[in-house]
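Student: Got a predicted structure plus its sequence, pasted below:
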Amino acid sequence: MNKVPGHFVSVLFLLALLVFAAPAPSNAQSTEPPVASQPVPNGLELSKLIWSTMAAIDHANQSGNYSVLRDNAAPGFQMLNNASNLSQIFTSIRESRIDLSNTLLLAPMYSAPPTVVERDVIRVQGYFGLRPTAISFDLYYQWVQGRWRLYGVSIGQESIAKIQPEVPLRK
């Protein structure tokens, strides 16, 4: 397995999500984007989801116990990730001593509007404008049993100078 650079971590589930959950090709080309089975969360609800994810990863990194992060995630995430491999996946974040609790002090900024990638899966991309190093995120959430649950995650460090301007959320 290739070593993940110390400044970036990506849960391998994102790759599996793109490979295995991609819709089957069809002969008819649809120009319509998928529609979520539940509405995309509003700004405050979306921020709460992101903050909750950051807090869960931060707590798991501090304690070395990734079972709560895994247990609160969507079933597909749970199937592909046990607590042990999550610990391995987040090694570079732990070793870099990135304090993800600082993300709880700022509103998330969005580099792209939240998008529906499947009927019950949304993707949220953005960053927390911490200085001098921002924390970027690429998160997937799946609607499961009446709530949005973590389905895929990628977190990294970015120079604040390289971050693109915020994209406003649709109302």
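Tutor: Looks like it arrived, so ask away. Numbering: from 1, shown residues only.
Student: can you count the residues close to Ser96?
Tutor: The number of residues packed near Ser96 is 15, by other C-beta atoms under 10 Å. Just so you know, the C-beta spots here come from the backbone N, C-alpha and C atoms, and that holds for glycine as well.
Student: contacts for stretch 47-63?
Tutor: 41, 66, 68-69, 72, 86-87, 90, 93-94, 99-101, 103-104, 107-108, 124, 126, 128, 135, 137, 139, 141, 148, 150, 153, 155 (C-beta atoms under 8 Å, 6 or more residues apart in numbering).
Student: Of those, grab the buried ones for PyMOL.
Tutor: To isolate the buried ones among the contacts of stretch 47-63 in PyMOL, judged by 16 or more other C-beta atoms under 10 Å, type:
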select buried, resi 41+66+69+86+87+90+93+100+103+108+124+126+128+135+137+139+141+148+150+153+155
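Student: Can you flag which of the contacts of stretch 47-63 belong to strands?
Tutor: Among the contacts of stretch 47-63, the ones falling in strands (DSSP state E) are Val124, Gly126, Phe128, Ile135, Phe137, Leu139, Tyr141, Trp148, Leu150, Val153, Ile155.
Student: Can I get those residues in JSON lines including distance to Ala112?
Tutor: What follows is the ones in strands among the contacts of stretch 47-63, written out as JSON lines (distance: C-beta to C-beta, whole Å):
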{"residue": "Val124", "distance to Ala112": "8"}
{"residue": "Gly126", "distance to Ala112": "8"}
{"residue": "Phe128", "distance to Ala112": "15"}
{"residue": "Ile135", "distance to Ala112": "16"}
{"residue": "Phe137", "distance to Ala112": "11"}
{"residue": "Leu139", "distance to Ala112": "12"}
{"residue": "Tyr141", "distance to Ala112": "15"}
{"residue": "Trp148", "distance to Ala112": "18"}
{"residue": "Leu150", "distance to Ala112": "18"}
{"residue": "Val153", "distance to Ala112": "16"}
{"residue": "Ile155", "distance to Ala112": "16"}
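Student: With adjacent residues omitted, what lies nearest to the residue nearest in space to the middle of the chain?
Tutor: The centroid of the chain falls nearest to Leu139 when counting by C-alpha atoms, centre = their mean (2.0 Å). Of all residues not flanking Leu139 in the chain, Val124 sits nearest, at 4.8 Å (C-beta to C-beta, 6 or more residues apart in numbering).
Student: Verify the stated contact: the one you found with Val40.
Tutor: No. Contact criterion C-beta atoms under 8 Å: Val124 and Val40 do not qualify, at 9.0 Å.
Student: what touches both of those two?
Tutor: Leu46, Pro114.
Student: got the end-to-end distance for stretch 129-138?
Tutor: 15 Å (C-alpha to C-alpha, to the nearest Å).
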